[in-house]
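In: quick one: sequence and predicted model below, then my questions.
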Amino acid sequence: MRKYISGLLILIPLFTIFIFSNTYCSNASDQKSSSCSKIKKDDLLPLLKNLAPDIEILEIGTAPIEGLCEVAIETKGRKGILYTDPATKYIISGSILEIATKTNLTQERLIALNKVDVSQLPLDNAILMGDKEAKNRVIVFTDPD
């Protein structure tokens with residue numbers, strides 16, 4: 001029973017996105033993907049603040065589905081992805097799955113968004129163990145409290 005329910009929880013948002021994108025794209029097939037570049041953070045932020053008061057927009061770009069725009073956000077220290085139409089009338093929260101490759105495109109984008117540039121970490125006061133000139137390094141973070 002749990003497998004059935006979890007399957008439905010995955011399929012319902014997928015079908016919603018599929019139906020919405022087909023409806024929108026059929027009505028706006030002449031629109032270019034540059035319509036997402038017309039969305040300004042300052043215009044979208046008040047709309048999103050109604051959903052989460054501490055939300056911050058990191059970037060706005062094109063989504064993998066034609067007719068949708070991707071909005072990278074951060075709230076309460078966590079990054080996330082939302083999707084909107086170019087007119088910013090609708091917000092979609094969920095994953096976009098590519099059926100042919102069985103790939104979660106939203107998850108891949110989140111991984112890229114959360115990637116940390118190790119060369120930018122302040123390691124001046126770090127405790128060094130092993131060879132200082134080693135090819136590979138392991139950085140361990142702890143909270144002593």
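Out: Yep, that arrived. Worth saying up front: this structure is predicted, and the values here are computed from it rather than measured.

In: quick one: list the elements packing against the helix or strand hosting Leu113.
Out: Secondary structure from DSSP states H and E places Leu113 in helix 105-114. Here helix 105-114 touches strand 69-75, strand 78-84, going by 3 or more CB pairs under 8 Å, 6 or more residues apart in numbering; DSSP states H and E. C-beta here means a position set from N, CA and C on the backbone, and glycine is covered the same way.

In: deepest-packed of those, please.
Out: strand 69-75 (a mean of 19; mean count of other CB atoms under 10 Å).

In: what lines up beside that strand in the sheet?
Out: strand 56-62 (antiparallel), strand 78-84 (antiparallel) (DSSP bridges).

In: before we move on, back to that, dump the helices and strands packed on helix 105-114 to JSON lines, plus mean pLDDT and distance to Asn104.
Out: As requested, the helices and strands packed on helix 105-114 are exported to JSON lines (pLDDT from 0 to 100; distance: least, CB to CB, whole Å):
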{"stretch": "strand 69-75", "mean pLDDT": "93", "distance to Asn104": "14"}
{"stretch": "strand 78-84", "mean pLDDT": "92", "distance to Asn104": "11"}
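
In: any idea which of these gets closest to Asp117?
Out: Asp117 lies closest to strand 78-84 among these, at 15.0 Å (CB to CB).

In: now find how far off-centre that closest one is within its chain.
Out: 4 Å (CA atoms, centre = their mean, to the nearest Å).

In: can you state the direction angle for it and helix 105-114?
Out: Strand 78-84 runs at 130 degrees relative to helix 105-114, counting by axes from the mean of the first three to the mean of the last three CA atoms, to 10 degrees.

In: tell me the helix or strand right after strand 78-84.
Out: strand 91-92.

In: what packs against that following strand?
Out: Strand 91-92 packs on helix 2-27, strand 78-84, going by 3+ CB pairs under 8 Å, 6+ apart.

In: can you lay out the helices and strands packed on helix 105-114 as CSV showing distance to Ser37?
Out: Converted to CSV, the helices and strands packed on helix 105-114 look like this (distance: least, CB to CB, whole Å):
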stretch, distance to Ser37
strand 69-75, 9
strand 78-84, 13
